[in-house]
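J.: Fold the following and give me the result.
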Amino acid sequence: MFMLANAYSQQYNLYETTLTCDKSQKELVASGHEKIKLVLETMAREGKLLNFATNQQYKKDNISLTYTLAAENEARFKEIIGEWKRRTDLSYPEIFLNFWKGCPKRKDSIMNNVTVIYPVIKSLWSPVAVVEGIDELPDPKLEYNIVIDFTAFANSDENKSKMDSSSVNWGLSDVGRNFNLHVAAGIPNEKIHFVVAVHGFASRSFLTDDAYKKRYKINNPNLAIIEELSKAGVKFLVCGQSLIWMGDKKEMLTPQAKVSLTAQTTLSSYQLKGYALKSIKNDD
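T.: This next block holds a predicted model:
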């Protein structure tokens with residue numbers, strides 16, 4: 001029980017700050033949003049915050065910018081928000097002099113008031129809720145071998161079959177959450193073995209920045225969590241059939257991704273080796 005109690009020692013709540021912006025100021029809002037993300041990324045690297053996520057929605061009458069982050073308590077949340085505002089104003093004064101005028105409405109809130117932990121993977125959407133009075137836990141002496149049928153991708157609000165290239169693949173966060181759940185339950189990291197059989201549009205999440213830019217004109221937002229999962233021991237096998245049919249090549253993939261002939265043989269061979277099967281995919 002020591003490992004479980006130790007995992008629960010650092011606890012967080014999830015908080016949101018939402019800015020409502022003038023839709024006529026689209027370019028200013030987009031520029032400010034990108035600069036805020038850069039500041040938050042710097043703060044995360046410096047250890048000033050655990051992690052964060054952003055969302056940008058174009059509505060009928062306005063643009064909504066949402067920033068979600070983990071903080072130990074409300075006071076710490078307000079401290080983080082205050083610092084990123086000071087940093088943006090100081091680093092990009094020519095933008096934020098007018099940005100706050102274009103985004104005059106701000107709302108701070110707590111999400112669900114659930115206390116969470118991040119035992120290994122720090123991706124914001126990989127949390128484990130703190131549970132009291134647990135009656136049964138998995139055997140920490142077993143080897144937890146799991147093969148994941150992975151076809152998830154971030155999809156567009158307007159078209160569920162279209163990939164949202166600007167967002168992190170939610171399925172990668174779910175892989176991280178599954179890893180965290182096992183660790184939080186007291187299973188040692190070295191006994192957790194995840195093999196992810198990647199196919200379909202999910203393979204595009206594993207492109208290098210250069211290849212991703214050629215496809216989508218932006219850096220690949222998935223590379224940080226892929227690196228974090230890989231360091232934790234997660235193995236990614238991308239389907240060669242998917243690459244061929246989608247017009248991609250092995251050299252376009254990030255080094256953490258390896259190529260198999262097909263995801264189907266990855267799934268069958270690992271199950272025959274005794275790996276439990278789990279699926280992570282978009283809803284039909």
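J.: now the helices for the stretch 51-200 of the chain?
T.: Using DSSP state H, counting those that start in this stretch, the helices of the stretch 51-200 of the chain run over 74-91, 93-102, 170-184.
J.: okay, the ones you listed in CSV with distance to E143 and mean pLDDT next?
T.: Just so you know, the C-beta spots here come from the backbone N, C-alpha and C atoms, and that holds for glycine as well. Output for the helices of the stretch 51-200 of the chain, formatted as CSV (distance: least, C-beta to C-beta, whole Å; pLDDT from 0 to 100):
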stretch, distance to E143, mean pLDDT
helix 74-91, 38, 96
helix 93-102, 52, 94
helix 170-184, 11, 97
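J.: Go through these and pick out the most buried.
T.: Stretch with highest mean neighbour count among the helices of the stretch 51-200 of the chain: helix 170-184 (a mean of 22; mean count of other C-beta atoms under 10 Å).
J.: low pLDDT regions in the chain?
T.: Applying pLDDT under 70 to the chain flags residues 1-9, 156-161, 284.
J.: secondary structure class for V259?
T.: strand (DSSP: H, G, I helix; E, B strand; the rest coil).
J.: Spell out for me which residue occupies the centre of the protein.
T.: Centroid-nearest residue in the chain: S173, 4.4 Å away (criterion: C-alpha atoms, centre = their mean).
J.: Domain-wise, how is the chain divided?
T.: If you go by automatic domain parsing, the domain ranges for the chain are 2-117, 137-280.
J.: looking at the helices of the stretch 51-200 of the chain, which is closest to F236?
T.: Minimum separation from F236 across the helices of the stretch 51-200 of the chain (C-beta to C-beta) falls at helix 170-184, 9.2 Å.
J.: Does anything pack onto the closest one? Which helices or strands?
T.: If you count contacts as 3 or more C-beta pairs under 8 Å, 6 or more residues apart in numbering; DSSP states H and E, helix 170-184 packs onto helix 2-7, strand 128-129, strand 144-150, strand 192-198, helix 223-231, strand 276-280.
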